[in-house]
Every structure is written in C-alpha cells, then in structure tokens.
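>>> Predicted model and sequence below, questions to follow.
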Amino acid sequence: MAKRSARTRRQLNPRWEQRLTWRWMYPGVRLKRWLLLLLLSAVVLGVGISGMMGDVFRNFEVKVIDIRPLAKQIQSLRSVDFLLLALGIAGAILAFRRGLYSVLTVLMPAREKEYATVALKRLRLKRGPRLVAIGGGTGLPALLSGLKEYSANISAIVTMADDGGSSGRLRREYRTLPPGDLRNCLVAMAETSPLMSQLFQHRFRGEGGGIEGHAFGNLFITAQGEITGDFASGVKAASQVLAVSGQVLPVTIDPVVLEAELADGTVLSGESRISQSRKAIKRLRLVPEDVRPAPETREAIAKADGIILGPGSLYTSILPNLLVPGIAEEIAASRAVKIFVCNVMTQPGETDRMNAVDHIRVVREHTRPDLMQYMLVNTEMPGKEMQARYREMDAEPVMVPAGATPLEDWGITLIKARLAVSTNYFRHRPDQLARVILKLIVI
C-alpha cells in the first residue's frame, strides 16, 4: 500500500484539526485568499496615503494660520495616489466581506444567504428594551411570539401552579415542578428550526402507555432536572436547544398549590379544579403562602424597562404569579412601564360576565392598588358566527361598559386598540399587540 502524504494523514486525523492553531487555514475554508487580498489592500492603501502625504507636505511650511497653501498642494496631487487609495479601500472592503462570509459558511452552511439579514436582526434585537412578561397558559406564549420580533431581552415569568394534564402527572409522579407552561413559552421564543419546535410540542399517542399524553418537551425538561438535580437547569438546557435569546423563568422553585374560596364558601384546591368550576371566585391564595420567588425573577423585574401582565386566565395564570411573596412589591417598586393586557373574551368558570374594569379590580384586590399604569383593551369584535359559538360556551367579549369606574381614578390610563383576530378562536393578534406595547415602552 502506498504511503499517504503528510497532508492526507492530517486530513484523516480529527485531532489535527483540534490541535492546530491555524485550523482556519485548512483547505476548503476559502479564507486564505481573502486574508491575502486584505494584506495586499493594506499595502496598496499605505502606498497611496504615503504618496498623498508626501506631495502635500514635501515643501509645505506653516507660517500663519492659512489653509490656502494646503488646498493648493492638495489640488496638485497625482491621480495615481488617488487610484491607489481607492483600490486599497475597495480591496479591503471586499476581502473583509468575503472573508466573513467564508467563516459563516463553515459555521452556518444551511443559512449562507441569510447572513446579512440574520446579523442585522440580531444586532437590532440585542439593543431592544428589557421586557418582562408575566402569566401562563396560552395567552403568554402568544404575547411572547410577538415581542420577540422587537427585543432579545425578554424574561417570561411563568406560574408554577399548573396541576393538570401532562404537567400534573409529572408533578405527582416525579415530585417536580410543572413544565408545561414553561415549554409553551420556550417554543414561542425559539429561534431554532420549526422541526425542533414541533418536536418539543409533540404529544405521544398510545393506549395506556407510560408516556401516553406527555409532551416531549415536558419529558426533556423533567429528565434534565433529574440529571442535574435542579429543575431550573432543565429549563435552561431546553432554552439552549431551542436557541431562545431571552429567558423563561419559573416564578418560584418551591412546590405550590393554588386554592380558591368560591362565593358560596366552597374551597377548591388545585388549578385544574378551579378552572373547571362554574361558580364565582371570591378569593385566591397559595398553599403554602410563604413560598420564595426565584432569585432570577426579582432581578429581571428590577432591571425591566417594561412589565406586561397577561393576556391569560385571570385567576389561574396571572394572579398565581402575583401572589408569590415579593413579586407584586417588586413590580410596584420598579421604574418600568407597567401594562395590563385584558383578555378579549371572558373565560367560563373564571370571569363570567366580567368587564375590563372588573379584571383590573380583581388584580388590585388581590395585590395592591398601585401595580399597573396602563390597561390595554381590545375593540375588535368577532363575527356573528364566532359570537354565536362563544355564546354557546357562555363567553362574551370583554369591554369597558359605559358608566364603569373611570380607570383614571385608580391612576391607570386606558388604551383601546384593535388587538384581536378571528381564526379558529378569537384571540389577540401577537404582532399588533406587541406594536402597541412597544409604543408605550419606547418613547
């Protein structure tokens, strides 16, 4: 067998690439040619500048403060110096541009044509305002999907009171925190391929199997939490897999149960039971009441430029976050712009026949009166067929009725806008909602 050349042996040895300091000089990277052009351009540029400066200052003396001699000397410069200067600049720009593309081709081969767009977008998003969105359920992910187009500095604070579905089963069987709402927010903020997002949202099918009904993302977060011994680490690992530029945070890392006292005196324990009840809720509380907020949540709130509550289930997605000791106080003390996003439709069993003012009144009664500065209310109405469908579910649009308590008396500015769209459901339109919010925060 013929001996392999030294170059071939290096190519077949993966350790060579790891040890080599100049691995970017490896054949096929297409970087050496542009580095050489950059070097030549620098030489040509230097020659051109040298010629210009020599012609200007060769016999030039400054006797008085007068720019006329300098202007006369510049006019007498040789055209070859200008040509060398132009060639040097053009060559340097071309070499830098093509060299950068060569590096990016190696790092991101599938997105070679998107480099400029992706780079500019990332730079713009990194300069975006620091936003904190608080909630859970399906409302918070919709908001996040709109906000991520304006900032990469987003912190989503998610309730840990969920005890239904896949999250509830994992919570009971593995004594862990519920991952479902966190997973939905991670997917909403993901910058990775749609396939990876679909994978995290995939639910296993089967008949009586151990993982039937579980979402893959829930299992991933739970497994990572068991490996590291820290649930928050599982969430961070999922953030890295999905390329989330912001952060998704549990409001607390302590086990907590949501408890509601109904208008008839009945006490219900558990978020799933409360959401299924059709009786008015009088009071909400956490068990135990002295749970600790996660340190990252308080830090995110303190540094925020804008804090957004909702949209989402008032009693089971928004209030559970505010009932964690220290969260409402941190929000009130923050200098951020504080916005409450009212739901577009009432929720059967939670907010039956409640108008927009009723929503903010409940928040004030459960927390403190100085929490919010703005309230966004949708003015778009669903079509007649959509209204009929919701009427069958005992749901109706949330409006600000005439004669209601003026929000200005509570120090809250009411903002009305067309924020909703009809698809299979009547819900907030993420892009429009994000635009209205950003206009309030970025003045």
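Right, received. Where do you want to start?
>>> so where's the stretch 51-200 of the chain uncertain?
51-81, 100-120 (pLDDT under 70).
>>> got the residue ranges for the strands in it?
In order along the chain, the stretch 51-200 of the chain carries the following strands (DSSP state E, counting those that start in this stretch): 131-135, 154-158.
>>> Could you say which one of these comes nearest to residue 358?
The closest of the strands of the stretch 51-200 of the chain to residue 358 is strand 131-135. By Cβ to Cβ, the value is 18.1 Å. Where C-beta positions appear, they are placed from N, C-alpha and C, glycine not excepted.
>>> Which among the strands of the stretch 51-200 of the chain is found nearest to residue 38?
Using Cβ to Cβ, the strands of the stretch 51-200 of the chain put strand 154-158 closest to residue 38, at 38.1 Å.
>>> what's the offset of that closest one from the middle of its chain?
8 Å (Cα atoms, centre = their mean, to the nearest Å).
>>> partner strands of that strand, parallel or antiparallel?
strand 131-135 (parallel), strand 247-250 (parallel) (DSSP bridges).
>>> Take those strands and write them to a markdown table, including distance to residue 275 and mean neighbour count.
Converted to a markdown table, those look like this (distance: least, Cβ to Cβ, whole Å; neighbours: other Cβ atoms under 10 Å):
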| stretch | distance to residue 275 | mean neighbour count |
| --- | --- | --- |
| strand 131-135 | 14 | 29 |
| strand 247-250 | 20 | 24 |
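>>> Of all the ones you listed, which one is nearest residue 295?
With Cβ to Cβ as the criterion, residue 295 lies closest to strand 247-250 of the strands paired with strand 154-158, at 9.6 Å.
>>> Can you show me the CA trace of the following helix or strand past the closest one as PDB?
Once strand 247-250 ends, the next helix or strand along the chain (criterion: DSSP states H and E) is strand 257-262. What follows is strand 257-262, C-alpha atoms only, in PDB (Å, rounded to 0.1, in the frame of the first residue of the first chain):
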ATOM      1  CA  VAL A 257     -50.800  24.600  45.200                       C
ATOM      2  CA  LEU A 258     -53.400  27.100  44.100                       C
ATOM      3  CA  GLU A 259     -56.500  27.300  46.400                       C
ATOM      4  CA  ALA A 260     -59.700  29.300  45.700                       C
ATOM      5  CA  GLU A 261     -62.600  30.200  48.000                       C
ATOM      6  CA  LEU A 262     -65.800  30.400  46.000                       C
END
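>>> May I see the buried residues of strand 257-262?
By neighbour count on 16 or more other Cβ atoms under 10 Å, the buried set for strand 257-262 is 257, 258, 259, 260, 262.
>>> same thing with stretch 144-158?
By 16+ other Cβ under 10 Å, the buried positions in stretch 144-158 come out as 144-148, 150-158.
>>> what's the distance between it and the middle of its chain?
3 Å.
>>> got it, and stretch 186-193?
How far stretch 186-193 lies from its chain's middle: 9 Å, per Cα atoms, centre = their mean.
>>> how long is it end to end?
13 Å (Cα to Cα, to the nearest Å).
>>> Also stretch 419-437?
Using Cα to Cα, the end-to-end distance of stretch 419-437 comes to 11 Å.
>>> Spell out which residues make up each domain of this protein.
30-106, 125-160+251-441 (automatic domain parsing).
>>> Who's the closest spatial neighbour of residue 408, skipping the chain neighbours?
Closest residue to residue 408 apart from its sequence neighbours, by Cβ to Cβ, 6 or more residues apart in numbering: residue 414 at 7.8 Å.
>>> That neighbour contacts residue 375, correct?
Yes - using Cβ atoms under 8 Å, residue 414 is in contact with residue 375, at 5.5 Å.
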